[in-house]
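S.K.: structure for the following, please:
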Amino acid sequence: MTLLQAVCLFGAAFIAGMINSVAGGGTLVSFPTLIWVGHAPVIANATNTFAMVPGAWSSAYGYRREMAQIPQRLFYLLIPSVLGSVLGGVLLKYTPPNTFAALVPFLVLFATLLFMVQEPIQRWLKTSELAHHQMTNSWLIGAGFYQFLVAVYGGYFGAGIGILMLAVLGVMGLQDIHQMNGLKNVFGSVINGMAALYFVLVGLIDWPAACVMAVGSILGGYAAAGIARKLDRKVVRKIVIAIGFGMTISLLFKRK
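M.R.: The predicted model follows:
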């Protein structure tokens, strides 16, 4: 790995860490960069997954004050996150990539639209009253099933899982975008972490590139958490929606 390649990978991981901190989708920056500097797609996918995990940890730590107010019951969603990511890894091994990849732009578009209409849906379903201390078991079970499906996709590839998780957290009643981002980063780190563990065991990680990118994603994730917390919540929501539409367009062109 040359110095120029290392700088490119560090910069891409830093930007990806910032994007993942706010909404998700940083893979669309870091993964193509790995291919651009000469890595095979499978190695690039595995290396990128590994490198983004510590960035999600640092970003979640940046939201630690907001996360202290999150209902503890929501952390039960870690269980379907683990199970789904394992199943996603198995599907990645046995399923033709194009079969699942064809659905990705439409999943992300649906999640972005759902996130846009979150508040009207909350009023219609009266989930605001269910938020925090009054969340029912039926809501938690439904969210667990949805999170399992998101984790399956995350274990398979993972671009856009942040948008998908933000959408359901909003509909469930969480109103603070910073709390939602912190929780999303915890779940995302678990999903990617399980996939990364599999990639390590089968020897698909390019370690020099992974180490450089891990440092970049850590710094980018923590920096973005600090910046986002100082912004108006409406501004952050607009950024999330813009990233969602940008990801949809990028993924549609990627299929051409």
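S.K.: quick one: mean pLDDT over stretch 242-256.
M.R.: For stretch 242-256, mean pLDDT rounds to 73.
S.K.: go ahead and name everything in contact with that stretch.
M.R.: Contact partners of stretch 242-256, identified using C-beta atoms under 8 Å, 6 or more residues apart in numbering, comprise 19, 22-25, 28, 101-102, 104-105, 108-109, 111-112, 115, 159-160, 163. Placement of C-beta: from N, CA and C, glycine included.
S.K.: quick one: buried residues of that stretch?
M.R.: Buried residues in stretch 242-256, defined by neighbour count with 16 or more other C-beta atoms under 10 Å: 243-244, 246-248, 250-251.
S.K.: same deal with stretch 140-147?
M.R.: In stretch 140-147, counting by 16+ other C-beta under 10 Å, buried: 143-144, 146-147.
S.K.: any idea how far that stretch is from the chain center?
M.R.: Stretch 140-147 sits 17 Å away from the centroid of its parent chain (C-alpha atoms, centre = their mean, to the nearest Å).
S.K.: would you map the helices across the stretch 51-200 of the chain?
M.R.: With DSSP state H, counting those that start in this stretch as the criterion, the stretch 51-200 of the chain has helices at 64-67, 78-94, 97-101, 104-116, 118-125, 137-156, 161-172, 177-201.
S.K.: any idea which of those is most buried?
M.R.: Each of those was scored by mean neighbour count; the highest is helix 161-172, a mean of 26, by mean count of other C-beta atoms under 10 Å.
S.K.: and stretch 4-19, how far out from the chain's middle?
M.R.: Taking mean C-alpha positions (C-alpha atoms, centre = their mean), stretch 4-19 and its chain are 17 Å apart.
S.K.: what average pLDDT does it get?
M.R.: 91.
S.K.: dump it to PDB, restricted to CA.
M.R.: Taking C-alpha atoms only, stretch 4-19 is exported to PDB below (Å, rounded to 0.1, in the frame of the first residue of the first chain):
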ATOM      1  CA  LEU A   4      -1.200   8.000  -1.600                       C
ATOM      2  CA  GLN A   5      -3.400   4.900  -1.300                       C
ATOM      3  CA  ALA A   6      -3.200   5.100   2.500                       C
ATOM      4  CA  VAL A   7      -4.300   8.800   2.400                       C
ATOM      5  CA  CYS A   8      -7.200   8.100   0.100                       C
ATOM      6  CA  LEU A   9      -8.400   5.200   2.300                       C
ATOM      7  CA  PHE A  10      -8.000   7.300   5.500                       C
ATOM      8  CA  GLY A  11     -10.000  10.200   4.000                       C
ATOM      9  CA  ALA A  12     -12.700   8.000   2.600                       C
ATOM     10  CA  ALA A  13     -13.100   6.200   6.000                       C
ATOM     11  CA  PHE A  14     -13.200   9.600   7.900                       C
ATOM     12  CA  ILE A  15     -16.000  10.800   5.600                       C
ATOM     13  CA  ALA A  16     -17.800   7.500   5.800                       C
ATOM     14  CA  GLY A  17     -17.600   7.600   9.600                       C
ATOM     15  CA  MET A  18     -19.200  11.100   9.600                       C
ATOM     16  CA  ILE A  19     -22.000  10.000   7.300                       C
END
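S.K.: so which bits of it are buried?
M.R.: 5-6, 8-19.
S.K.: got those as a markdown table, with secondary structure columns?
M.R.: Converted to a markdown table, the buried residues of stretch 4-19 look like this (DSSP: H, G, I helix; E, B strand; the rest coil):
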| residue | secondary structure |
| --- | --- |
| Gln5 | helix |
| Ala6 | helix |
| Cys8 | helix |
| Leu9 | helix |
| Phe10 | helix |
| Gly11 | helix |
| Ala12 | helix |
| Ala13 | helix |
| Phe14 | helix |
| Ile15 | helix |
| Ala16 | helix |
| Gly17 | helix |
| Met18 | helix |
| Ile19 | helix |
